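In: curious how this folds, go ahead:
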Amino acid sequence: MERTDLFKIMHNETTIGGVSVIDSAESCRLVRIFIDPRHQGKDIGHKVFALLLERYPDAEIWKLDTPSWSLRNQHFYESLGFGKIGETDRGDRSFALFLYERKE
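Out: Numbering: from 1, shown residues only. Okay, the predicted model is just below:
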């Protein structure tokens, strides 16, 4: 957690989600973004990512991974301009992680 920047997502003085980012030189890793299901589908995720782009203007590449079974996440990240660049071996998990990247 020392290397991770953590942010709360607020709405009307109530925490409705959070974001964690690892900033390393010219790239950032979006570790997690989560929004209370009651607030999903309201364009909040897009607004939060726009704020992250402002917060990390030197990031030339954004990276993340998401479970292969999470079609909703995949659609969301692709709508932000991320493209799938690969996937992990399933190893001892029952699913692979899809790797995504966005270049600025």
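In: quick check: Val31 is in a helix.
Out: No. Checked against DSSP: H, G, I helix; E, B strand; the rest coil, Val31 lies outside a helix; its state is strand.
In: so it touches Ser20, yeah?
Out: Yes. In this structure, Val31 is within contact of Ser20 by C-beta atoms under 8 Å, at 4.2 Å. (C-beta placed from N, C-alpha, C; glycine too.)
In: low-confidence regions, the protein specifically.
Out: 1-2 (pLDDT under 70).
In: mind checking the longest strand of it?
Out: strand 14-24 (DSSP state E).
In: find residues that contact each of Val31 and Ser20.
Out: Thr4 (C-beta atoms under 8 Å, 6 or more residues apart in numbering).
In: centroid-wise, who is the farthest residue in this protein?
Out: The C-alpha centroid of the chain is most remote from Asp92, which lies 23.9 Å away (C-alpha atoms, centre = their mean).
In: just list whatever residues bridge to the most centrally placed residue in the chain.
Out: Nearest to the geometric centre of the chain sits Leu30, at 4.1 Å (C-alpha atoms, centre = their mean). Beta-bridge pairing of Leu30 under DSSP bridges involves Val21.
In: ok, it touching Trp62?
Out: Yes. Using C-beta under 8 Å, Leu30 is in contact with Trp62, at 6.1 Å.
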